[in-house]
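> have a look at this prediction, sequence included:
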Amino acid sequence: MTGPLTTRFTEAFGVRHPIVQGGMQWVGRAELAAAVSSAGGLGMITALTQPTPKDLAAEIERCRGLTDQPFGVNLTILPTITPPPYDEYRRAIIDSGVTIVETAGSNPEPHMGMFRDHGVRIIHKCTSVRHALKAEKVGVDAVSIDGFECAGHPGEDDIPGLVLIPAATARLSIPVLASGGFADGRGLVAALALGADGINMGTRFMCTAESPIHETVKQAIVAGDERGTELIFRQLRNTARVAGNAVSREVVEILRGGGTFPDVAQLVAGARGRRVFEDGDLDAGIWSVGMAQGLIDDVPTCAELLDRIVGEAVDIIENRLRTRTAVA
Ligand SMILES: Cc1cc2nc3c(=O)[nH]c(=O)nc-3n(C[C@H](O)[C@H](O)[C@H](O)COP(=O)(O)O)c2cc1C
């Protein structure tokens with residue numbers, strides 16, 4: 001079923017609305033992905049939130065039990081000291097019959113052949129025009145482009161979406177999803193006006209009824225404003241936008257003072273960040289959130305949220321932006 005805003009993205013990926021829920025560590029579980037997809041968007045399970053490829057296969061099955069709509073899986077490929085078994089996660093995705101994958105973190109090329117051979121369509125998420133062009137060249141089906149506003153890794157160029165998205169859409173031929181800082185219908189219309197074929201959101205979906213995180217975190221996002229984030233790891237050229245809290249401020253101070261990764265490793269441990277989401281202790285560790293929290297005032301269901309975003313976008317296009325012919 002097509003929605004009121006049909007784009008190259010909705011047509012190519014068979015979804016009703018041009019709205020994607022990007023991969024989110026500890027947040028992108030079956031209940032959220034299913035709720036987004038059932039509401040007409042494209043939900044995404046986050047592969048590495050599952051401790052093993054076998055658990056990922058079970059999570060995909062669980063999601064199938066919750067929605068009959070298409071959903072995808074995010075595979076974040078980051079260079080780490082002890083990398084997870086990416087090939088096995090990729091195998092689990094293919095064997096589970098998932099046909100849409102969001103890759104992120106590094107060049108998707110090593111994974112393309114196998115995904116392609118099994119009919120999987122790839123949305124590659126990146127943070128620069130040059131990386132988007134490279135992804136297009138190696139054959140991805142669409143790109144998500146994260147501007148400097150985004151939660152998680154905005155890259156090192158510091159180019160906000162208002163420039164990055166039109167700079168990218170001017171040069172790419174494949175569908176583009178604008179990402180970073182989007183939370184409502186105004187943002188969706190802006191993204192379409194900048195040449196994008198839809199939007200990708202993280203922070204906004206984190207703050208929904210179906211998002212499987214502690215209520216205290218959702219209320220912190222509602223209470224927070226656009227200044228409430230911190231950029232960590234700048235000196236390591238691995239910048240991450242996270243919530244401003246006691247831990248992130250300590251990390252910034254240590255690295256600014258000449259510290260190196262081992263000096264902050266214990267502070268930024270993933271297990272501590274996970275506790276924020278599970279226990280609602282906002283200072284337990286590092287947790288990702290974007291500037292878009294300044295645009296978030298409530299905790300709707302995903303269906304309410306998508307209806308509202310699309311309804312607002314249509315209203316803006318049809319009423320507020322309509323050219324008026326002067327009557328003599
Ligand atoms: C809590 C959280 C965890 C995230 N984890 C990942 C991840 O594991 N992999 C990834 O590719 N992107 C991750 N992201 C980034 C989102 O997929 C998305 O690109 C980003 O949130 C867009 O910016 P926005 O938050 O302003 O909407 C995460 C975002 C959040 C809020």
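Okay, I see it.
> in contact with the residue in the stretch 201-328 of the chain positioned nearest to the ligand, which residues?
When distances are taken as CB to the nearest ligand atom, the stretch 201-328 of the chain approaches the ligand most closely through Gly202, which lies 2.0 Å from it. C-beta: built from backbone N, CA, C; applies to glycine. Going by CB atoms under 8 Å, 6 or more residues apart in numbering, Gly202 touches Gln21, Gly22, Met24, Cys150, Ala151, Gly152, Ser179, Ser288, Gly290.
> cool, Glu102 as well?
For Glu102, counting by CB under 8 Å, 6+ apart, the contacting residues are 20, 22-23, 44, 72-75, 122-125, 144.
> ok, and which of those reach the ligand?
Subset of the contacts of Glu102 in contact with the ligand: Gly22, Gly23, Asn74, Lys125, counting by CB under 6 Å from any ligand atom.
> so which bits of the protein are right by the ligand?
Within the chain, the positions near the ligand by CB under 6 Å from any ligand atom are 22-25, 27, 46, 74, 76, 104, 125, 146, 149-152, 179-182, 200-204, 206, 288-290, 292.
> give me the number of residues near Leu162?
15 (other CB atoms under 10 Å).
> gap between the spatially closest residue to Gln50 that is not a sequence neighbour and Gly285?
With CB to CB, 6 or more residues apart in numbering as the criterion, Gln50 has its nearest non-adjacent residue at 4.1 Å, and that residue is Leu56. In this view, Leu56 and Gly285 are 23 Å apart by CB to CB, to the nearest Å.
> then Glu59?
In terms of CB to CB, Glu59 sits 23 Å off from Gly285.
> what segments of this structure are helices?
Assigned by DSSP state H, the chain shows helices spanning 8-13, 30-38, 53-66, 86-95, 109-117, 129-137, 161-169, 185-193, 203-206, 215-223, 246-256, 261-264, 270-279, 302-315.
> report the mean per-residue pLDDT for the third one.
Here the mean pLDDT over helix 53-66 is 98, rounded to a whole number.
> filter the ones next to the ligand among the contacts of Glu102 down to the buried ones.
When neighbours are counted using 16 or more other CB atoms under 10 Å, those contain these buried positions: Gly22, Gly23, Asn74, Lys125.
> which ones are touching the second one?
Shown here is Gly23, whose contacts under the criterion CB under 8 Å, 6+ apart are Met44, Ile45, Thr46, Ala47, Val73, Asn74, Leu75, Thr76, Glu102, Ala104, Lys125.
> filter the residues you listed down to the ones in strands?
Met44, Ile45, Thr46, Val73, Asn74, Leu75, Thr76, Glu102, Ala104, Lys125 (DSSP state E).
> the fifth one against Gln50, yeah?
Looking back up the chat, that one is Asn74. No: shown here, Asn74 and Gln50 do not form a contact pair, counting by CB atoms under 8 Å, at 11.2 Å.
> if I look at Thr2, how far off is Leu42?
The value you get for Thr2 to Leu42, if CB to CB is used, is 14 Å.
> the more surrounded of those two?
Residue environment comparison for Thr2 versus Leu42 gives the larger neighbour count to Leu42, 29 against 12, counting by other CB under 10 Å.
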